[in-house]
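Fold the following and give me the result.
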Amino acid sequence: MDPKKETKELNKEAPNIPIPACVVNEEGKVESANKCIEKVFPFGGVEDQDFFALSGVKMKALKALAASSVEADSDSGATEKPADRDLSIDEKETEELIIERNSRSFSITAEALENGSIMVFFYDVTSYEEIRTRYDNEQICVGRINVDNYDQFTNAVSSETGMVVSTELNRIIRKWSQEIGGAIDKIKETQYVIHFQKSKLDDLIAGKFQILDEVRAIETGIDFPLSLSIGIGAEGKEISETAEFAAAALDLALGRGGDQAVIKNPYRIQYYGGKTQSVEKSNKGKSRIVGHALKKLVEQSNRVFIMGHQHADMDAFGSAMGIYRICLTCGTEAFIVIDEIPENIRAFYEQVRAAEKYNVIGTEQAKSMIEKDTLIVVLDTHRPSYIEAPELLEMTDQIVVIDHHRRVEDSIENPTLSYIETYASSTAELVTEMLQYVLNRKTLVRLEAEALLAGMTIDTNRFAVRTGARTFEAAAWLRRSGADTTEIKRYFQVDKIAFKVRAEALANSEIRESGIACAITKDGGAEVQVINSQVADELLNIKGVKASIVVGKSDKGITCVSARSLGDLNVQLLLEKFGGGGHLTVAGAQIEEEPEAVIEKILIAAEEMERE
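Numbers count the residues shown, from 1 in each chain. Okay, the predicted model is just below:
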């Protein structure tokens, strides 16, 4: 048959169909359409127009629909029609396509024709979409609200002030509940549960959970504000599952330092807020409880593997030395697992090896020795992908996590014991506090005390940032245990080449109008992470700088990022956008792109955060 004649015959089909329909050729132009098409495109004259511009449908999606109809015909025994089989069809492309046109909703289906054109049908599903939208909007969301630092507040003020502030706090929370049509119950002095319709959730997101700012603005008369942590669960199959989402979301909010809202549904987790630093807890009861629980686990285990994050720093390695001492005291065989020794801890590592008292092994040796009742202690991280040997986690049921970083979604699941405190300056501080309750100070040898103090020193930039009273108390205890600050200073010495690289990065740094200083470390090699952090710290000393971002490529071709802030910019939230994390004022990331491209992307993201 003549191709032109065949096309004319096919084009006659569309006008006779009682629903909106048209024929789209291989170039994406509308060859013909029936009268009903005016229900979709009321302006008329759609022939020879670009179908994809008219409908907003992507060509790949339309061809995938047409190809799927051919497969359906083939499965039902019909003769398969020729189709564009060179297409790489994603399963998602064949899902239902719905467009909004002329104040109506239309579901699109397509059928491939023999000449390569596609017949497109539009089914009016407005009433179904209205029902679906109503159903979606009327789903129940569950929210859990926690007053983060209420105990610290009540201990710091008079009973009269506490009552006034508590009344104002309760008024704000209940007013917020009323505004979103929620039903709220106060289950504890510091906790509330709220139920509300999902239609109000978009309003909360659009307002960026303004209640967080309102609570933070309450005048408390002390040097820290009250703050809320909010966990919201949505779209659970049952109300019980939604409640579980809310509880998990609240745990995440608290684990990330509080003063934020976290929304969890079956598909993703969203974070809002997180503008303030975690408030240090005055009560050390939890350190004592966790310390004794850890000691009991160590005593019950046949051996203990201790490991930190990849590219270990002094906080991770120093904390490992502290846990090693607990194992020695309990008489349990212990091993520190580390594969590569970074330059920033090499000087100390050589002293550890020379002491010949500590077992340091690699991942492969650990895998050959591990058993089901072996205890693994993970330090200075809670993300499986960051751990020195993540495969070991699957080989035992006994896992302890001790960390000071803000909690992220992909954390170690169901650890036997978890101690994550974001207020702490370092993991070394947390370990030092536990040591005070489980062993005598004289039991700790000088090398171990110096390792822990070095970890605290590096994570606080020599006690200049993220320090509280408990930080100095822990440092004083280590000093009395024999830690020599002069010896610790030697651990942080760098060679002449590294010093020059750092100086060049500082000299070539740039300060943007936003107050963000940025620099690129060149030829940093294996020490690039250390150099980046040092440069980032130094840049904060410049007047007018409120945050610093430093990038540099490692010897493995990975771009390492160090970010610092004085508190105005949350660098943790910033670098989480790039797969990193940390704290409000200190964060890092590793990205597989060129340093120049990375720093521009981060600066753009920072500007977007400033505008929010």
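
Quick one: neighbours of the nearest residue to residue 274 once chain neighbours are set aside, just the number.
The shortest distance from residue 274 to any non-neighbouring residue, by Cβ to Cβ, 6 or more residues apart in numbering, is to residue 260 (4.0 Å). C-beta here means a position set from N, CA and C on the backbone, and glycine is covered the same way. For residue 260, the neighbour count with other Cβ atoms under 10 Å is 26.

ok, residue 260 - contacts?
By Cβ atoms under 8 Å, 6 or more residues apart in numbering, residue 260 lies in contact with 212, 229, 230, 253, 271, 272, 273, 274, 275.

Any chance of these in a markdown table with secondary structure as columns?
Below are the contacts of residue 260 laid out as a markdown table (DSSP: H, G, I helix; E, B strand; the rest coil):
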| residue | secondary structure |
| --- | --- |
| 212 | helix |
| 229 | strand |
| 230 | strand |
| 253 | helix |
| 271 | strand |
| 272 | strand |
| 273 | strand |
| 274 | coil |
| 275 | coil |
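
Residue 144: which of those is nearest?
Here the nearest of those to residue 144, counting by Cβ to Cβ, is residue 230; it sits at 7.3 Å.

got the contact list for stretch 482-501?
Residues contacting stretch 482-501 (Cβ under 8 Å, 6+ apart): 314, 345, 347-348, 444-446, 449-450, 452-454, 457-458, 479, 502, 521-524, 527, 530-531.

Buried among those residues? Make that a PyMOL selection.
This is how PyMOL selects the buried members of the contacts of stretch 482-501, with burial counted by 16 or more other Cβ atoms under 10 Å:
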select buried, resi 314+345+348+444+445+449+450+452+453+454+457+458+502+521+524+527+530+531
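
Pass me the low-pLDDT residue ranges in the protein, would you?
Where the chain drops to pLDDT under 70, the residues are 1-16, 69-96, 275-283, 612.

where exactly do the helices run in the stretch 151-300 of the chain?
Using DSSP state H, counting those that start in this stretch, the helices of the stretch 151-300 of the chain run over 159-179, 201-206, 210-216, 239-255, 285-300.

Could you say which one of the ones you listed comes nearest to residue 40?
helix 201-206 (27.6 Å).

Could you give me the buried positions within the closest one?
201, 204.

follow-up on the earlier one: can you list the helices of the stretch 151-300 of the chain in a markdown table and add distance to residue 384?
Listed next are the helices of the stretch 151-300 of the chain as a markdown table, based on distance: least, Cβ to Cβ, whole Å:
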| stretch | distance to residue 384 |
| --- | --- |
| helix 159-179 | 36 |
| helix 201-206 | 29 |
| helix 210-216 | 30 |
| helix 239-255 | 15 |
| helix 285-300 | 20 |
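
Point out the most buried one among the ones you listed.
For the helices of the stretch 151-300 of the chain, ranked by mean neighbour count under the definition mean count of other Cβ atoms under 10 Å, the leader is helix 239-255 at a mean of 20.

Residues in contact with it: which ones?
140-144, 146, 148, 229-236, 260-266, 269, 271, 406-407, 409, 411, 420, 422.

sorry, back to before: ok, so what distance separates the residue nearest to residue 274 from residue 523?
39 Å (Cβ to Cβ, to the nearest Å).

for residue 65, same thing?
53 Å.

where do the helices sit along the stretch 1-150 of the chain?
3-11, 51-55, 59-75, 126-137, 150-156.

list the buried ones in the second one?
It stands for helix 51-55. For helix 51-55, burial by neighbour count (16+ other Cβ under 10 Å) applies to 51, 54, 55.

Of the helices of the stretch 151-300 of the chain, which is nearest residue 98?
Of all the helices of the stretch 151-300 of the chain, helix 201-206 comes closest under Cβ to Cβ, at 19.2 Å.

ok, residues contacting the closest one?
Helix 201-206 is touched from outside by 141, 180, 232, 234, 261, 263, 270, 272, with contacts defined as Cβ under 8 Å, 6+ apart.

which residues touch the fourth one?
By Cβ under 8 Å, 6+ apart, residue 234 lies in contact with 139, 141, 198, 201, 242, 245, 263, 264, 265.

ditto for the second one
Counting by Cβ under 8 Å, 6+ apart, residue 180 makes contact with 196, 200, 203, 204.

got JSON lines for these, with distance to residue 327 too?
Shown next, in JSON lines, are those (distance: Cβ to Cβ, whole Å):
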{"residue": "196", "distance to residue 327": "50"}
{"residue": "200", "distance to residue 327": "52"}
{"residue": "203", "distance to residue 327": "53"}
{"residue": "204", "distance to residue 327": "48"}
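
And residue 125, how far from residue 475?
Distance, residue 125 to residue 475, by Cβ to Cβ: 67 Å.

These two: who's more crowded?
residue 475 (23 against 16).

Would you agree the more buried one falls within a helix?
Yes - with three-state DSSP as the criterion, residue 475 is part of a helix.

That one is in contact with residue 463, isn't it?
Yes - in this structure, residue 475 is within contact of residue 463 by Cβ atoms under 8 Å, at 7.3 Å.

returning to what we had before: select from the contacts of residue 260 the one having the most neighbours.
Using other Cβ under 10 Å as the neighbour test, those are led by residue 253, with 31 neighbours.

In the sheet, which residues pair with the nearest residue to that residue once chain neighbours are set aside? Tell me.
Of all residues beyond its chain neighbours, the one nearest residue 253 is residue 229 (4.0 Å), with distances taken as Cβ to Cβ, 6+ apart. Per DSSP bridges, the residues bridged to residue 229 are residue 146, residue 260.
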